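Asks: Following is a predicted model, sequence given first.
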Amino acid sequence: MTTRLDDTFARCRAEGRAALVTYVMAGDPDPETSLAVLRALPASGADIVEFGLPFTDPMADGPAIQAAGLRALKAGQSVTRTLDLVRRFRAEDPRTPVILMGYYNPIYTYGVARFLADASAAGIDGLIVVDLPPEEDDELCLPAQAAGLAFIRLATPTTDEKRLPAVLANTAGFVYYVSITGITGSATPDFGVVAGAVGRIRAQTALPVVVGFGVKTGEHAAAIARNADGVVVGSALVDALARTLDGEGRATPQSVPAVAALVRDLAAGIRSAAGA
């Protein structure tokens, strides 16, 4: 049985291009605006959506995503409300994969078995939980896969040949290569180094390899797309939304269009790399 992720990567391969994976924070700056942004992503050219699960101590995230998480928490966003947003999105969009990305604490507090059942029912396709290493696979990774959810692992520039097999062992859906050492949105990747890293990972897995961290423009996306199966953009989209908020941190009429415009630019960049 193929999954939405399988179908999406197959469709992108058939079109001769990489997939565009977009990250936004659930509930930022409020639930209804967040849902409107979520709906706008596929319509603007996103192939896969990563939906951030707000957390008070997001250690791998840079200032933009940290601020987005705090705005969402201030607006009352929770695991339950995040799953509800996905459920509402899924009622209208049966095709676009949704990956929930965040940290283990909110899931643990919610209850792992309850969370996996509710996430599956809401229409979530996979999880990226950045603070659970392979040694902790029994905590969430293996139960998630048993529940039909892909558990997507991150590889980094410091993941050496000895460590890579452990990272890949129970990974499903795709492999997420973090193109820089550091936090999200902090630097522009060296595209030549990224191409070599993607090749090294591909030598050990048949899964698609997507690349994220530091991709900000259509030109960046095109450069990554020439070698990877997918390109992830997060901080730039979160920043695009943040720049439209009013002095109280509330959405304005420009909020959703600003995100959609950047997604269109990114999608165009990826398609240009494929000669489409």
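Replies: Now that the structure is in, tell me what you want to look at.

Asks: For the stretch 151-276 of the chain, which segments count as strands?
Replies: With strands called from DSSP state E, counting those that start in this stretch, the stretch 151-276 of the chain shows them at 154-155, 175-178, 209-212, 230-233.

Asks: List just the one of those strands that sits closest to residue 85.
Replies: The minimum distance between residue 85 and the strands of the stretch 151-276 of the chain falls on strand 230-233, with 19.9 Å, by C-beta to C-beta. Glycine gets a C-beta too; all of them are placed from N, C-alpha and C.

Asks: What are the buried residues along that closest one?
Replies: 230-233 (16 or more other C-beta atoms under 10 Å).

Asks: what's the answer for stretch 42-53, then?
Replies: Here stretch 42-53 shows 42, 44-53 as buried, counting by 16+ other C-beta under 10 Å.

Asks: likewise stretch 220-228?
Replies: In stretch 220-228, counting by 16+ other C-beta under 10 Å, buried: 220-225, 227-228.

Asks: TSV please, covering the residues you listed and showing pLDDT and distance to residue 268.
Replies: As requested, the buried residues of stretch 220-228 are arranged in TSV below (pLDDT from 0 to 100; distance: C-beta to C-beta, whole Å):
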residue	pLDDT	distance to residue 268
220	88	12
221	91	9
222	92	9
223	90	14
224	91	14
225	92	11
227	91	18
228	93	17
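
Asks: Quick check: the farthest pair among those?
Replies: So, the buried residues of stretch 220-228 by C-beta to C-beta: farthest apart are 220 and 227, at 12.8 Å.

Asks: Against the centre of the protein, work out the most remote residue.
Replies: residue 247 (28.1 Å; C-alpha atoms, centre = their mean).

Asks: Next, work out how far apart that one and residue 138 are.
Replies: Distance, residue 247 to residue 138, by C-beta to C-beta, to the nearest Å: 47 Å.
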